[in-house]
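Colleague: sequence first, predicted coordinates after that:
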Amino acid sequence: MNNKLTIVLTTYNRPKFLKLAIDAILCQSYRRFKLVILDNGSAEETSQLIMSYNDDRIEYVRNEDNNREFINVAFTYTDLKYFMITHDDDVMKEDLIERHINKMDLDDNIGLISSSINLIDINGNELNKVRPRLKKDKRWTKEEFIKDYFFKGDIIPCPSSIFRSSIIIENNLSYNWKVGQAVDLYLLFKINLLDHHIYLYKTPLYNYRIHQNQDSERNRISMEYKVRPHIIKLLTNNNLHKYVNKYKQASLGIILQITLNSFFMKSINFKDLKREINQLKNEGLTFNIISSYWFLFGCIRGLKNYLFK
C-alpha cells in the first residue's frame, strides 16, 4: 500500500535522544509513512546512528552548517496526503499516528489534528504534567482558536500535530522566523484563519521532554513580546479588528501571569515586578475581564508553586 504521511524529524547533536525518537516512530502501529530526518549540522555520531537503520522508509538529509532556517526544508516534503514535524528529543506513543490519520480520513474538514502532551524530564521520567489538560476532545472551527487563546493561551501542542498537506501547499505555509521563537503559535493562528477545523485529543499521545532552562519564564515572556505585533498584524490584515484589542489584553495578561508566578517563586524581586507591570501598562495593559483573569491566574499559580515547591 502507498504511504500517506511524511514525518519530518529534526535533529542536532542529540544521538542518545534521537535513537529513542526514531525507534518510537518505527514502532508505530500505523505503517504507511516515510520518515525524513533533517540533520542540522550534527557531529559524525548522529550520521552513524541514522545510517545504522536498515529501513527503506527513512530518508536522511544533512545540512553542513547549523542554522535555524534549515527546518523550513521540512515544508518541501508535502507530496503525501499528510505531513508532520517532530523533534529528536521527544517520544511518540505507539498509536499516535494511527489515531490521528484515522480521524482525518473520516473528516475532510479537519486541517490539523493534535493531542495533549505528557511532560517528561531529561531521563524520561514522567512529570505528572499534561498540557493541555482537557475533560474531552476539542474541535475548533474558524476563529475559535483565537477566542480560546484569550483565556487559555497557546493550547495546541505542535510537536504532536499532523497537517493536511494540501493546506501547506495551497497557502505556501512555513515557519516565519521574523516572529521569533514562537513560530509554531504564529503558524497555528494562520491555519485557524483558513476555513479548516483543528482537532485535539484529550489523551496525551506524545512525551515531550523538558530540558533545564528550556521552558524558563523569561524565555516565555520574550517569546510573547516578540510574536505579539505579528499576530496583531495578521488579525488586522484578515479584517478581524474585533479581536485585536482582546488579543492584546490576552497577550499582555499572559506575560503578567508569568511575571507574577516568577515573583512568588522569588526569581524576581518587588522592584523588578513593579518595573515589569509598568512596562505592561506602557504597552497598553488595562484591567478588564481578560487581563483580570490572567492576573488572578498568575497569583493562584504562583502561590500554588510557592506552597508546594
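Modeller: Thanks, I have it. Numbers count the residues shown, from 1 in each chain.

Colleague: could I get the full set of helices for the protein?
Modeller: 15-26, 44-51, 96-106, 144-152, 165-170, 183-192, 217-237, 241-264, 270-283, 289-307 (DSSP state H).

Colleague: mind checking which of these is nearest Thr78?
Modeller: helix 165-170 (4.1 Å; Cβ to Cβ). The way it works is simple: take the backbone N, C-alpha and C, and place the C-beta from them, glycine included.

Colleague: give the buried residues for the closest one.
Modeller: 165, 167-168 (16 or more other Cβ atoms under 10 Å).

Colleague: can you check stretch 283-300 too?
Modeller: In stretch 283-300, counting by 16+ other Cβ under 10 Å, buried: 285, 290-291, 293-295, 297-298.

Colleague: list the buried ones in stretch 22-33?
Modeller: 22, 24-25, 28, 30, 32-33.

Colleague: for Arg68, which non-adjacent residue is closest in space?
Modeller: Trp177 (6.3 Å; Cβ to Cβ, 6 or more residues apart in numbering).

Colleague: who touches the one you found in this structure?
Modeller: Going by Cβ atoms under 8 Å, 6 or more residues apart in numbering, Trp177 touches 68-69, 183.

Colleague: just to revisit the earlier point, and which of the buried residues of stretch 22-33 is nearest Phe264?
Modeller: Of all these, Phe264 sits closest to Ala24, with 36.7 Å by Cβ to Cβ.

Colleague: doesn't Glu94 make contact with the closest one?
Modeller: Yes: the criterion here is Cβ atoms under 8 Å, and Ala24 meets it with Glu94 at 7.3 Å.

Colleague: filter the contacts of Trp177 to the buried ones?
Modeller: Val183.

Colleague: pLDDT and distance to Arg209 added to the contacts of Trp177, as CSV?
Modeller: Formatted as CSV, those follow (pLDDT from 0 to 100; distance: Cβ to Cβ, whole Å):
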residue, pLDDT, distance to Arg209
Arg68, 85, 19
Glu69, 88, 24
Val183, 92, 19
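
Colleague: quick one: which of the contacts of Trp177 is nearest Met84?
Modeller: Using Cβ to Cβ, the contacts of Trp177 come closest to Met84 at Val183, 15.6 Å.

Colleague: ok, for that closest one, nearest residue in space, not its chain neighbours?
Modeller: Closest to Val183 by Cβ to Cβ, 6+ apart is Tyr175, at 4.0 Å.

Colleague: equivalent analysis for Cys158, please.
Modeller: Nearest to Cys158 is Asp184, by Cβ to Cβ, 6+ apart, at 3.8 Å.
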